[in-house]
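Asker: sequence and predicted model, in that order:
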Amino acid sequence: MAKKIPLRMCTGCGEMKSKKEMIRVVKTPENEIVLDTTGKKNGRGAYICNSVSCLQKSINTKGLDRSLKVKIPATLVETLEKELVGLDDRTKESL
């Protein structure tokens, strides 16, 4: 029997993709919002596609706010965008 691949929905575009193709945004027990590249950090998680446009959509539609049950400040959005761009650059370098 084939192993079931866990699918997650992007809070930006609403597409269902495998966990490995997405990035997890976590609200830690200390109420910090961080990108979780390992997918194993403690806290409430929400998933977005590996693109800045999906992060933008998620912020504009308040999808990330709803999923994490917290209002995300604008300063944090900029930080997440920078981290996402940094991740994107590193994945391109490894190819």
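Answerer: Sure thing, it's come through.

Asker: where along this protein do the helices fall?
Answerer: 52-60, 63-68, 74-94 (DSSP state H).

Asker: looking at the ones you listed, which is closest to residue 28?
Answerer: helix 63-68 (10.3 Å; CB to CB). Heads up, the C-betas are built off the backbone N, CA and C, glycines and all.

Asker: tell me which residues of that closest one are tucked away?
Answerer: 63, 64, 67, 68 (16 or more other CB atoms under 10 Å).

Asker: which residues touch that helix?
Answerer: Outside helix 63-68, the residues that touch it by CB atoms under 8 Å, 6 or more residues apart in numbering are 11-12, 25-27, 33, 44, 46, 48, 55, 57-59, 71-72.

Asker: spatially, which two of the residues you listed are the most separated?
Answerer: 44 and 57 (19.9 Å).

Asker: between those two, which one's more packed in?
Answerer: residue 57 (19 against 14; other CB atoms under 10 Å).

Asker: which ones are touching the more buried one?
Answerer: 12, 13, 63.

Asker: out of those residues, who's nearest residue 87?
Answerer: Among the contacts of residue 57, and counting by CB to CB, the member closest to residue 87 is residue 12, at 15.4 Å.

Asker: list the residues that contact that closest one.
Answerer: Counted by CB under 8 Å, 6+ apart, residue 12 has contacts 48, 49, 53, 54, 55, 56, 57, 58, 61, 63, 64.

Asker: swap in 10 Å and give it another go.
Answerer: Counting by CB atoms under 10 Å, 6 or more residues apart in numbering, residue 12 makes contact with 46-49, 51-61, 63-64.

Asker: one more: residue 3?
Answerer: By CB under 10 Å, 6+ apart, no residues touch residue 3.

Asker: need phi/psi at it.
Answerer: phi -70, psi 140 (degrees, to the nearest 10).

Asker: oh, and call the first residue 30 from now on, that's how I've got it
Answerer: All right, first residue 30 from here; so that's residue 32.

Asker: ok, back up a step: of the contacts of residue 41, buried ones?
Answerer: Buried among the contacts of residue 41 by 16+ other CB under 10 Å: 75-78, 80-81, 83-84, 86-88, 92-93.
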